[in-house]
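S.K.: Sequence and predicted structure are below.
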Amino acid sequence: MSVPEHGESLPATTSRVILSTADIDRALTRIAHEILESNKGTAGLVILGIARRGYPLAQRLAAKLEQTDESFDARSSTGQLDITMYRDDLRKNPARTPQPTIIPDSGIDGRTVVLVDDVLFSGRTIRAALDALVDVGRPKVVRLAVLVDRGHRELPIRADHVGKNLPTSSQEKVRVLLRESDLEERAENHEDCVVIDALVASDPDVARAEKGVTS
Ligand SMILES: O=P(O)(O)OC[C@H]1O[C@H](OP(=O)(O)OP(=O)(O)O)[C@H](O)[C@@H]1O
Ligand SMILES: O=c1cc[nH]c(=O)[nH]1
């Protein structure tokens, strides 16, 4: 199976498909059921996807909630949260182009907000998202749903709903490729997929890095 490679000029990597299109769909279905159970239905639910890939995942999740509970209007209960200006590394890294923040007309005050993202890693994106939320309103409860939790947290943040817990080494990279955002990168035979990029140990640069040789 051909898997899209990432970053031509970086040390050699191998890419493996970890979740297929069907796996992703099943994970979202399970998360939707978990949300329904923990919220005892859909009353007061607002689903906010973190830009960029959290948004299409939030829309898919909301569609599944609507399928199960007709009283839930997916379109008017789903939005996007851009966290660019709330990052704690803004000074270090050049700012990326912010995406629009889209908040449902109902607002988020007193609501149960489910934040949705593709990957949970250090937790810094979610910290920024919580700051961004404060500027929008005061939810009753905030929950977190992620497609992949790859560990390596740097902050005391955990997800309430996880599609897949994926133990990784810190050298690896998890990429979520979705039909809505990654038309060119997706692996052959997959509409959507999650791939893990690992450094090739035989690559001289990697071998040197593993031995702690710095120059
Ligand atoms: O837990 P963290 O260490 O913050 O990592 C997780 C974040 O990293 C990725 O976003 P990225 O910053 O690459 O931006 P993108 O969504 O615009 O690709 C991913 O989509 C998560 O939002
Ligand atoms: O592996 C990682 C780490 C952070 N964000 C990602 O999307 N993937």
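M.R.: Yes, it's here. Ligands and ions are numbered 1, 2, ... in the order given.
S.K.: beta partners of residue 16?
M.R.: residue 196 (DSSP bridges).
S.K.: Check whether it really touches residue 195, as I assumed.
M.R.: Yes: at 6.4 Å, residue 16 and residue 195 qualify as touching, with contact defined as Cβ atoms under 8 Å. C-betas here are computed from N, CA, C, even on glycine.
S.K.: quick one, which of those two is more surrounded?
M.R.: The residue with more neighbours, out of residue 16 and residue 195, is residue 195; 23 against 13, by other Cβ atoms under 10 Å.
S.K.: so what's the more buried one scoring on pLDDT?
M.R.: At residue 195, the model reports a pLDDT of 95.
S.K.: quick one: it and residue 160, what's the gap?
M.R.: Applying Cβ to Cβ, to the nearest Å, the value for residue 195 to residue 160 is 25 Å.
S.K.: Close to ligand 1: what parts of this structure are there?
M.R.: 50, 52, 53, 117, 118, 119, 120, 121, 122, 123, 124, 125 (Cβ under 6 Å from any ligand atom).
S.K.: wait, what's in contact with residue 180?
M.R.: residue 56 (Cβ atoms under 8 Å, 6 or more residues apart in numbering).
S.K.: is it true that it lies in a strand?
M.R.: No: judged by DSSP: H, G, I helix; E, B strand; the rest coil, residue 180 forms no part of a strand; its state is coil.
S.K.: Distance of it relative to ligand 1?
M.R.: For residue 180, the distance to ligand 1 equals 12 Å [Cβ to the nearest ligand atom, to the nearest Å].
S.K.: ChimeraX command to pick out the buried ones of the residues of the chain next to ligand 1?
M.R.: Listed next is the ChimeraX selection for buried residues among those, using 16 or more other Cβ atoms under 10 Å:
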select :50,52,53,117,118,119,120,121,123,124,125
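S.K.: ok, so of the residues of the chain next to ligand 1, who is nearest residue 154?
M.R.: residue 122 (4.2 Å; Cβ to Cβ).
S.K.: which residue packs closest to that closest one, ignoring adjacent ones?
M.R.: Distance criterion Cβ to Cβ, 6 or more residues apart in numbering; nearest residue to residue 122, sequence neighbours excluded, is residue 154 at 4.2 Å.
S.K.: Now for the closest residue in space to residue 173 that isn't next to it in sequence, how many residues are close by?
M.R.: Take residue 173 and drop its neighbours on the chain: the residue closest to it by Cβ to Cβ, 6+ apart is residue 197, 4.5 Å away. Using other Cβ under 10 Å, residue 197 has 19 neighbouring residues.
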